[in-house]
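Peer 1: got a predicted structure plus its sequence, pasted below:
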Amino acid sequence: MLNEQFIHQLVAIVGSDNVATSTVDRITHSFDATQRRFMPDVVVHPGSKEEISRIVRLANNEKIPVLPRGAGSGFSGGSLPVHGGIVLVMTRMNHILEIDADNLIAVVEPGVVTGDLQREVERVGLFYPPDPASKDFSTLGGNIAECAGGPRCVKYGVTRDYVLGLTVVTPTGDIIHTGGRTMKNVVGYDLTRLFVGAEGTLGVVTQIILRLLPKPEARKTMLVAFASIEGATQAVSAIIRGKIIPTTLEFMDASAIDCVRKAMPLDLPDVCRAVLIIEVDGARDGLDAQTARILEIITPLGVLETRIAATGDESEAIWKVRRAVSPSLRNLNPHKFNEDIVVPRSRVPEMIRALEEISGRYGVPIVNFGHAGDGNIHVNVMVDLAEPGMEATVEQVLQEIFRTTVALNGSISGEHGIGIAKAPYIGMELDRETMAVMRAVKRALDPNNIMNPGKIFPDLSDEDTPRSTDTAAA
């Protein structure tokens, strides 16, 4: 446990109402979506960058771990206090400071919920495209930590493509500014991109300058059923070769379709083996032409049925099918290992076939869906860990999935980060020399390894890692 004097110093910085040491508060901030648990020593709710700077300086002097945390909705364990210390909850800093319609930017604090920002900018005719599935509760600070994506990535890109500048408290307590309010800026190193996707291991983001776009006038949604996953994937490549970049190109394979059938009425042909949900946006008078062109391109590729939404309610009904996948998975088995691998678009069929083979060989259900437009497959290994030997089986399955992904020129994480969940596998994708450079950056910015220690790299030396005597996995 942290000593009483240290706690008093934290109280002096943020006030007693914003420092919590009770067992209940600590448990509340001990887990994320992975459901793994590690107890922090104290939970602190800062209200400004100056407070964060003072907290971090204090922690660095005492070599106490500091873990920035937003909504705690991550899937890789990135916000878990694996070595105890201070969980720095950023949700008090939740203000949209500015929406500049003339220059198409927004200035926000990291505790702003992504969906709240989207709704606010849309009120003035603007658009913030990144749309992770967690957008109605995840925070922009968390999105930046993981470089969050979502269905619209195929056309609009991921979080890093919209971050123009940051204010960051470094692990030694300094306050720095990266980037700025302009679209072009090549003064010095691109530190903004260094911090985006760093999972809170290099500093605490306290303010964000985001790029906005004009809001598209309209959108049109369609659901297309295919006789094979190969046909669906060929359709994705064919659409893009046809010089059309849809807003979204979501897919469900046969395993995902079967899960949804068991959870809700699904009016699809029995022989359907894959579904694409395709959405286009832009000028209203051009959407019908885009839709017609897409259908012309994909119809020869084994299309069984097509539904085009004519109203907002019909569009919502289509998306309801996609959203039904995750809730339906628990009908298979109680425990889910959710991985978000990425392969080149053209190699999705190979990856799906490999996943089917791995599923059959190990006797565990694997359900696949995701973002076909950018090759991002959400692989869900569904098991019952109460079965003898199942934990070891899952480990073997995950190793095979990641090994196959890398062999197909893919990546083991598309938008969920590395955290602790994928740290053991990072060497499959990154060579020793590349990781050595990354570790050198970490040590240069964080010489005492206080900032979110234990994440990303599995082999930072133990003597570099501060530990709390009260830390334990729950």
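Peer 2: Here it is on my side, so go on.
Peer 1: okay, now the unreliable bits of this protein?
Peer 2: The model of the chain has pLDDT under 70 over residues 459-474.
Peer 1: got the CA positions of the longest helix seen in it in CSV?
Peer 2: Secondary structure of the chain per DSSP state H: the longest helix is helix 390-407. Extracted as CSV, the C-alpha positions of helix 390-407 are listed here (Å, rounded to 0.1, in the frame of the first residue of the first chain):
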residue,chain,number,x,y,z
MET,A,390,-9.2,-25.6,-21.9
GLU,A,391,-6.9,-22.8,-20.9
ALA,A,392,-4.0,-24.6,-22.5
THR,A,393,-6.1,-25.2,-25.6
VAL,A,394,-7.0,-21.6,-25.9
GLU,A,395,-3.3,-20.6,-25.7
GLN,A,396,-2.5,-23.0,-28.6
VAL,A,397,-5.5,-21.7,-30.6
LEU,A,398,-4.4,-18.1,-30.2
GLN,A,399,-0.9,-18.9,-31.1
GLU,A,400,-2.0,-20.6,-34.3
ILE,A,401,-4.4,-17.7,-35.2
PHE,A,402,-1.6,-15.1,-34.8
ARG,A,403,1.0,-17.2,-36.5
THR,A,404,-1.3,-17.6,-39.5
THR,A,405,-2.2,-13.9,-39.5
VAL,A,406,1.5,-12.8,-39.7
ALA,A,407,2.2,-15.5,-42.4
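Peer 1: list of residues touching it?
Peer 2: If you take Cβ atoms under 8 Å, 6 or more residues apart in numbering as the criterion, helix 390-407 is touched by 337, 339, 341-343, 351, 354-355, 358, 362, 364, 366, 379, 381, 383-385, 411-412, 422, 425, 428-429. Where C-beta positions appear, they are placed from N, C-alpha and C, glycine not excepted.
Peer 1: can you map out the strands along the stretch 351-474 of the chain?
Peer 2: Per DSSP state E, counting those that start in this stretch, the stretch 351-474 of the chain carries strands over the ranges 366-371, 376-383.
Peer 1: next, the angle helix 390-407 makes with the first one.
Peer 2: Right, the one you point to is strand 366-371. Angle of strand 366-371 versus helix 390-407, following axes from the mean of the first three to the mean of the last three Cα atoms, to 10 degrees, is 40 degrees.
Peer 1: quick check: angle from strand 366-371 to strand 376-383?
Peer 2: 160 degrees.
Peer 1: out of the strands of the stretch 351-474 of the chain, nearest to Gly70?
Peer 2: Nearest to Gly70, of all these, is strand 376-383, at 21.0 Å by Cβ to Cβ.
Peer 1: check which helices and strands that closest one sits against.
Peer 2: In terms of contacts (3 or more Cβ pairs under 8 Å, 6 or more residues apart in numbering; DSSP states H and E), strand 376-383 is packed against strand 335-342, helix 348-362, strand 366-371, helix 390-407.
Peer 1: buried ones in the longest helix of the chain, by neighbour count?
Peer 2: Neighbour counts over helix 390-407 (16 or more other Cβ atoms under 10 Å) mark 390, 393-394, 397-398, 400-402, 404-406 as buried.
Peer 1: still on that earlier bit, need the winner for burial among the strands of the stretch 351-474 of the chain.
Peer 2: Mean neighbour count, computed with mean count of other Cβ atoms under 10 Å, is highest for strand 366-371 among these, reaching a mean of 25.
Peer 1: how far out from the middle of the chain is it?
Peer 2: How far strand 366-371 lies from its chain's middle: 15 Å, per Cα atoms, centre = their mean, to the nearest Å.
Peer 1: who does it pair up with?
Peer 2: Using DSSP bridges, strand 366-371 pairs in its sheet with strand 248-253 (antiparallel), strand 376-383 (antiparallel).
Peer 1: contacts for the last one?
Peer 2: This means strand 376-383. Here strand 376-383 makes contact (Cβ under 8 Å, 6+ apart) with 149, 153, 326, 329, 332-333, 335-343, 348, 351-352, 355, 364-371, 390, 393-394, 397-398, 401, 414-415.
Peer 1: so Val280 belongs to a strand, correct?
Peer 2: Yes: checked against DSSP: H, G, I helix; E, B strand; the rest coil, Val280 lies within a strand.
Peer 1: now it: closest residue in space, sequence neighbours ignored.
Peer 2: Nearest residue to Val280, sequence neighbours excluded (Cβ to Cβ, 6 or more residues apart in numbering): Gln290, at 4.6 Å.
Peer 1: which of the helices or strands spans the one you found?
Peer 2: helix 284-298 (DSSP states H and E).
Peer 1: could you redo the strands of the stretch 351-474 of the chain as JSON lines and give each row distance to Asn452?
Peer 2: JSON lines is the format used below for the strands of the stretch 351-474 of the chain (distance: least, Cβ to Cβ, whole Å):
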{"stretch": "strand 366-371", "distance to Asn452": "27"}
{"stretch": "strand 376-383", "distance to Asn452": "24"}
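Peer 1: so who does Pro110 touch?
Peer 2: Residues near Pro110 by Cβ under 8 Å, 6+ apart: 68, 70, 90, 93, 139-142, 144, 205-208.
Peer 1: name the residues of stretch 212-229 that come out as buried.
Peer 2: Applying 16+ other Cβ under 10 Å to stretch 212-229 flags 212, 216, 219-229 as buried.
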